[in-house]
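K.L.:
Sequence first, predicted model second:
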Amino acid sequence: MICIGLNNAEKQSIIKQYLREHDIAKMIVFYPEIFPLTIETNIEMRYVEYKDIIMYKVFYPLLEIIDERTLLIFNECMRTQNRSELTYNCAHHYCNQTPHKIVFEYFPFIEQPQDFMILLDFINKGKYKGKSFSYYFVRDENVMIKPVYYTAETIDVPITDKDKANYQKEKEKLFDNLGMKDPDTIPRQLHIWAGNLKKKYINPQNMYVARNKRFNLPNVVTYKEAAPGDYIIIDFPHNRIDFNDFLKKTGMRHITFLNTGLKVDLYYFNELQKWIERLGEFYAKTGVHG
């Protein structure tokens, strides 16, 4: 089964119910370091970090012990959009040896609904191999969804004409020196540059999050440092999964962004809004709610 949007307490309840209904002799929990899941049970347990799934010292021993009475738990293991990624492929070998699998993910996708096929592959790789996403697949499988909705707004921060001119010069400099580097480095660097203009608008009474530690302020943390609570966004991480992890950790539902009005800020905020819309559309079209 696939469960979307659950907190750890709700995950524990699902597991306990599954154990009551099935003859399970042992469990294996796969998890990324950032999202551990400890299960209280008398059943034989093993915990495997996501990064270790591909290790020889883990892979072959697991293949020897996983059988039809083994329950596999995948906790927040959708870590890349590459459906053919080696870690996923190794996990599929484990999955082929038991019918008992529970997949927990807070979001149904990283960036696009197509990512949901990664979760379906955990359940039945053979059935979905080579197939593109369809909402029919969600309704056809044992999927429980607890929708998590988001809203977003901006706090506009004023910048000067000189700031705008300097932004244009910085952009031109980055293009001139791009060479063979990834073009994505340009918006990444421009977004950080724009973030520097926001320092004087950081209110000591609020908590903020930024890509790095450059502000040296006690109320500005990085995305990796963020704890549960509400934060105002100074600059977004470039990779969607990093922001998704941030939302999972903090429990935030309303996103506030300091916006200079520069094109790079508008780009990142617009991309967030599109993601929020896709998420809402996914919940509406699946109609599968727990």
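P.N.:
The structure has been received and is ready for your questions. Residues are numbered from 1 along each chain as shown.

K.L.:
Only C-alpha atoms from now on, for both contacts and neighbour counts.
P.N.:
OK.

K.L.:
all strands for the stretch 151-290 of the chain, in order.
P.N.:
151-156, 208-210, 220-222, 232-233, 254-259 (DSSP state E, counting those that start in this stretch).

K.L.:
Out of these, flag the one nearest residue 26.
P.N.:
Closest to residue 26 of the strands of the stretch 151-290 of the chain is strand 220-222 (Cα to Cα; 38.2 Å).

K.L.:
list the helices and strands that closest one packs on?
P.N.:
strand 208-210 (3 or more Cα pairs under 8 Å, 6 or more residues apart in numbering; DSSP states H and E).

K.L.:
Give the partner strands of the strand it packs on in its sheet and their orientations.
P.N.:
If you go by DSSP bridges, strand 208-210 pairs up with strand 220-222 (parallel), strand 232-233 (parallel).

K.L.:
Format those strands as CSV; extra columns: mean pLDDT.
P.N.:
Formatted as CSV, the strands paired with strand 208-210 follow (pLDDT from 0 to 100):
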stretch, mean pLDDT
strand 220-222, 98
strand 232-233, 98
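
K.L.:
Make TSV out of those and add distance to residue 6.
P.N.:
Shown next, in TSV, are the strands paired with strand 208-210 (distance: least, Cα to Cα, whole Å):
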stretch	distance to residue 6
strand 220-222	25
strand 232-233	24
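
K.L.:
Turn the ones you listed into TSV, including distance to residue 55 and mean neighbour count.
P.N.:
Formatted as TSV, the strands paired with strand 208-210 follow (distance: least, Cα to Cα, whole Å; neighbours: other Cα atoms under 10 Å):
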stretch	distance to residue 55	mean neighbour count
strand 220-222	30	20
strand 232-233	37	20
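
K.L.:
Relative to residue 269, which of the ones you listed is closest?
P.N.:
Once the strands paired with strand 208-210 are compared by Cα to Cα, strand 232-233 is nearest, at 10.2 Å.

K.L.:
Please state the backbone phi and psi of the residue lying closest to residue 275 once chain neighbours are set aside?
P.N.:
Computed as Cα to Cα, 6 or more residues apart in numbering, the closest residue to residue 275 that is not its neighbour in sequence is residue 111, at 6.8 Å. Main-chain dihedrals, residue 111, degrees, to the nearest 10: phi -120, psi -40.

K.L.:
give me the number of residues near residue 111?
P.N.:
When neighbours are defined as other Cα atoms under 10 Å, residue 111 has 21 of them.

K.L.:
Number the residues from 26 up from this point.
P.N.:
From this message on, residue numbering opens at 26, which makes the last subject residue 136.

K.L.:
close enough to count as contact, it and residue 267?
P.N.:
No - Residue 136 is not in contact with residue 267 according to Cα atoms under 8 Å; the separation is 11.2 Å.

K.L.:
Neighbours of residue 117, how many?
P.N.:
17.

K.L.:
Now do it, the pLDDT please.
P.N.:
Per-residue confidence at residue 117 stands at 96 (pLDDT).

K.L.:
quick check, it in a helix?
P.N.:
Yes - applying DSSP: H, G, I helix; E, B strand; the rest coil, one finds residue 117 inside a helix.

K.L.:
In contact with it, which residues?
P.N.:
By Cα atoms under 8 Å, 6 or more residues apart in numbering, the contact list for residue 117 reads 146, 147, 150.

K.L.:
same thing but at 7 Å, please
P.N.:
147, 150 (Cα atoms under 7 Å, 6 or more residues apart in numbering).
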